[in-house]
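Participant: Structure for the following, please:
(one chain, ligands or ions: 1)
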Amino acid sequence: MIEVKDLTVRIGGSTIIRGISFKVPDGSVFALVGPNGAGKTTTLKAVMGLLRHGGSVLLDGEDLSALGPSERAARGIGYAPEDRRPFPSPTVEENSNLPVASLGISRKRVEEVLELIPAPKGLLKRPAYALSGGQQKLVALARALVVGRRAILLDELFEGLSPKMRDDLSIVIKQVVGQ
Ligand SMILES: Nc1ncnc2c1ncn2[C@@H]1O[C@H](COP(=O)(O)OP(=O)(O)OP(=O)(O)O)[C@@H](O)[C@H]1O
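Facilitator: As a prediction, this is how the structure comes out:
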């Protein structure tokens, strides 16, 4: 379970997030909904440790608040940012395998994820820069799923994807959550 307690984020002297709290139990999908500029992306970045924050972020009771993003990733939190594209030069396969070396994740996990997301599998040998925007988004999702064994943070997952792909990915997310 992820528990966010009294989260506060200040950027450049402005308070962007002021004391929000929520819990995301295991096996559930939790959506942050709000108007443009409400602070959804900022909240996800803070939970991932990409922004300094007040309050606390707990994963199964462990306080992660003092940890940076790589340490939170190592604990099994995956993140697909809104604006993140895959690393451009490596192939899709190399992009998907990156966490294997840096976070000690098994290749089996990568293969399982690529089985779930059909599109990147057919593109494995292509350099990531040669993909469409939607395909790049899928590769970023694949990386988030590889890393996110305990929690997955998805920012605007469906943006730029076809209706069919949105439907397919909704099924994938339900499968992953049900595991
Ligand atoms: N680096 C920054 N410096 C200053 N202000 C920022 C910075 N990043 C975000 N903000 C401000 O923080 C607020 C929240 O932004 P955020 O991107 O979290 O909103 P959001 O809910 O994800 O919006 P959207 O739905 O438009 O993507 C906005 O008012 C934005 O202008």
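
Participant: Can you give me the neighbour number for the residue lying closest to residue 173 once chain neighbours are set aside?
Facilitator: In space, and not counting its chain neighbours, residue 173 is closest to residue 29: 6.7 Å by CB to CB, 6 or more residues apart in numbering. Heads up, the C-betas are built off the backbone N, CA and C, glycines and all. The local packing of residue 29 (other CB atoms under 10 Å) involves 12 other residues.

Participant: Give the rounded mean pLDDT of stretch 14-29.
Facilitator: Over the span of stretch 14-29, the pLDDT mean works out to 95.

Participant: how about that stretch as CSV, C-alpha atoms only?
Facilitator: This file holds the C-alpha atoms of stretch 14-29, laid out as CSV (Å, rounded to 0.1, in the frame of the first residue of the first chain):
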residue,chain,number,x,y,z
SER,A,14,5.1,29.0,-4.2
THR,A,15,3.2,26.2,-2.4
ILE,A,16,2.0,24.0,-5.2
ILE,A,17,0.6,21.1,-3.0
ARG,A,18,-0.7,21.9,0.4
GLY,A,19,-1.1,19.0,2.8
ILE,A,20,-2.9,16.3,0.8
SER,A,21,-3.3,12.8,2.1
PHE,A,22,-4.5,9.6,0.5
LYS,A,23,-4.0,5.8,0.6
VAL,A,24,-3.7,3.4,-2.3
PRO,A,25,-4.3,-0.2,-1.2
ASP,A,26,-2.6,-3.1,-3.0
GLY,A,27,-4.5,-4.4,-5.9
SER,A,28,-6.4,-1.1,-6.5
VAL,A,29,-6.3,1.6,-9.2
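
Participant: Run the contact check for that stretch versus the ligand.
Facilitator: Yes: looking at stretch 14-29 against the ligand by CB under 6 Å from any ligand atom, the contacts come from residue 16.

Participant: ok, residues contacting that stretch?
Facilitator: Stretch 14-29 has contacts (CB atoms under 8 Å, 6 or more residues apart in numbering) with 1-10, 30, 39, 42-43, 46, 53, 55, 151, 173-174, 177-178.
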